[in-house]
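J.: fold the following.
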Amino acid sequence: MRRKHALRRAGRGGARRAAGLTAGVAALAGLLWTAPAVAQEGTEIRHAPQQKAVGSQVEIVDELPVIRPEFPVPDEPNMLFYLQRSTNPNTIVYAAQFREDGRLDPREPVVAYWRRFNTTGERKPLKMMEDAFAFGVRAQATGDPDVFDLYVVSYPERKATVRLVEPGRAELVLQSGRHAMRPLYAYVDVDESGLVPSVRKVVVLGRDAETGKALVERIQIE
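T.: Model (predicted):
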């Protein structure tokens, strides 16, 4: 049976809307999602308290940790980054999209979608509310047609950059403290002990874009 959880968010006139507690990484994840995420598979939507990031620490480590070794790791064409949550192994994948000539598609250079690892691993698109309020990404053109600024809809203040490296291959770079990080994945630790889930912490893992050293950013949530 699929694991279900309900999230609530206050809305105008007391109306129920999809909301969220998922914090995630940043502009791409930079991905810190402190704004509303949505319930999955038609589960009930409930009001939830607002949370926010209050700071972060970046550490250089010898090896990147695998936080949940029992969770499947997606292996997707053109994948830039993925997001795991403690609630279940369902994973959000962020992948570059290219035109036939191998250049980034200016209409949608990065797409986000689910891998439903708690069932058969099938690919599923984000639902409308997930894309609009939680996990969706938006790209902004720069003066270079091969470079786009990128952000997650729930945390637009923190931007990343997606850049064409060669035809059919792109990289994502996120400023993490004083490091330019190539993020690999993020992990959101969700507390489900209360009536409404809340985020305990967010961890972003990647490598320094200049040195290749492993980096771990721990984002504090209140």
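
J.: helices or strands up against the longest strand along the chain?
T.: Looking across the chain with DSSP state E, the single longest strand is strand 179-191. On a contact count with 3 or more C-beta pairs under 8 Å, 6 or more residues apart in numbering; DSSP states H and E, strand 179-191 meets strand 29-30, strand 79-85, strand 169-176, strand 198-208, strand 214-221. The C-beta positions use only the backbone N, C-alpha and C, and glycine is treated the same way.

J.: pLDDT of the last one, averaged?
T.: The predicted model assigns strand 214-221 a mean pLDDT of 90.

J.: alpha carbons only: can I get that strand in PDB?
T.: Provided in PDB are the C-alpha atoms of strand 214-221 (Å, rounded to 0.1, in the frame of the first residue of the first chain):
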ATOM      1  CA  ALA A 214      32.900  16.700  -1.500                       C
ATOM      2  CA  LEU A 215      30.600  19.200   0.200                       C
ATOM      3  CA  VAL A 216      27.800  18.800   2.600                       C
ATOM      4  CA  GLU A 217      25.400  21.800   3.300                       C
ATOM      5  CA  ARG A 218      23.100  21.400   6.300                       C
ATOM      6  CA  ILE A 219      20.200  23.800   6.300                       C
ATOM      7  CA  GLN A 220      18.500  24.700   9.600                       C
ATOM      8  CA  ILE A 221      14.700  24.900   9.500                       C
END
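
J.: what lines up beside it in the sheet?
T.: strand 53-61 (antiparallel), strand 198-208 (antiparallel) (DSSP bridges).

J.: most packed of those strands?
T.: Ranked by mean neighbour count under mean count of other C-beta atoms under 10 Å, those are led by strand 198-208, which reaches a mean of 20.

J.: tell me what angle the helix or strand hosting residue 113 forms with strand 169-176.
T.: Using DSSP states H and E, residue 113 sits within strand 110-116. Angle, strand 110-116 to strand 169-176, by axes from the mean of the first three to the mean of the last three C-alpha atoms, to 10 degrees: 90 degrees.

J.: and the helix or strand following strand 110-116, what other elements does it pack with?
T.: Using DSSP H and E, the helix or strand that follows strand 110-116 in sequence is strand 122-125. Where contact means 3+ C-beta pairs under 8 Å, 6+ apart, strand 122-125 is packed against strand 110-116.

J.: residues in contact with residue 139?
T.: 108, 109, 110, 148, 149, 150, 162 (C-beta atoms under 8 Å, 6 or more residues apart in numbering).
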